[in-house]
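Student: have a look; sequence and predicted model below, questions after that.
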Amino acid sequence: MGKIGLQFKATLENITNLRPAGEDFRWYLKDSHPLKGGRGSATMVQKCKLCSRENSIDILSHTMKPYNSEDNETFKTIVEFECRGLEPVDFQPQAGFVAEGAESGTPFNEINLLEKDWNDYDEKIKDSVGIYEVTHRCHFQETKSFP
């Protein structure tokens, strides 16, 4: 059993608190079906055709963190997955993100990061807002061991 952290990096313009919208947010991971948040059971279960072993990935919803303006252009772990026999190797950001104007607090819903860029206009500050150069990496999260 291991934990894999999904690390996110982007350039934010006048925007903060970028995060998945709701508990049913779909995480699109390479070579797996979309993962839907859940409680108490595995988020994704896959049975090996050769040995019949069940492998699973759980979304650790308590580890979800927003990407904020102070995180701008640095990698930050935004969610962790508990993996048993499976390992996510790639992530495809898509629709379902939300954020707020950094100065105005204006909510921006239905942000789609499929193109790795997104922009809009904040009426309150009369300026553009955007998310650019979206990238990510999957990182093994070490667990603490006690003597």
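Tutor: That came through, no problem. Residues are numbered from 1 along each chain as shown.
Student: for stretch 11-25, buried residues please.
Tutor: Using 16 or more other C-beta atoms under 10 Å as the test for burial, stretch 11-25 gives 12-20, 25. C-beta coordinates here come from the backbone N, C-alpha and C atoms, glycine included.
Student: what is the neighbour count of the closest residue to Leu29 other than its chain neighbours?
Tutor: In this structure, Leu29 finds its nearest non-sequential neighbour in Pro88, 4.1 Å apart by C-beta to C-beta, 6 or more residues apart in numbering. When neighbours are defined as other C-beta atoms under 10 Å, Pro88 has 19 of them.
Student: give me the three-state assignment for Pro88.
Tutor: Classification of Pro88 using DSSP: H, G, I helix; E, B strand; the rest coil returns coil.
Student: enumerate every residue touching the closest residue to Ile111 other than its chain neighbours.
Tutor: Using C-beta to C-beta, 6+ apart and skipping the chain neighbours, the partner closest in space to Ile111 is Phe97 (4.0 Å). Taking C-beta atoms under 8 Å, 6 or more residues apart in numbering, we find Phe97 in contact with 18-21, 111-113.
Student: and the furthest pair within those residues?
Tutor: Arg19 and Asn112 (14.3 Å; C-beta to C-beta).
Student: next, find the distance separating the closest residue in space to Ala102 that isn't next to it in sequence from Gly22.
Tutor: Distances taken as C-beta to C-beta, 6+ apart place Thr16 nearest to Ala102, at 4.4 Å, with adjacent residues excluded. Separation of Thr16 from Gly22 (C-beta to C-beta, to the nearest Å) stands at 19 Å.
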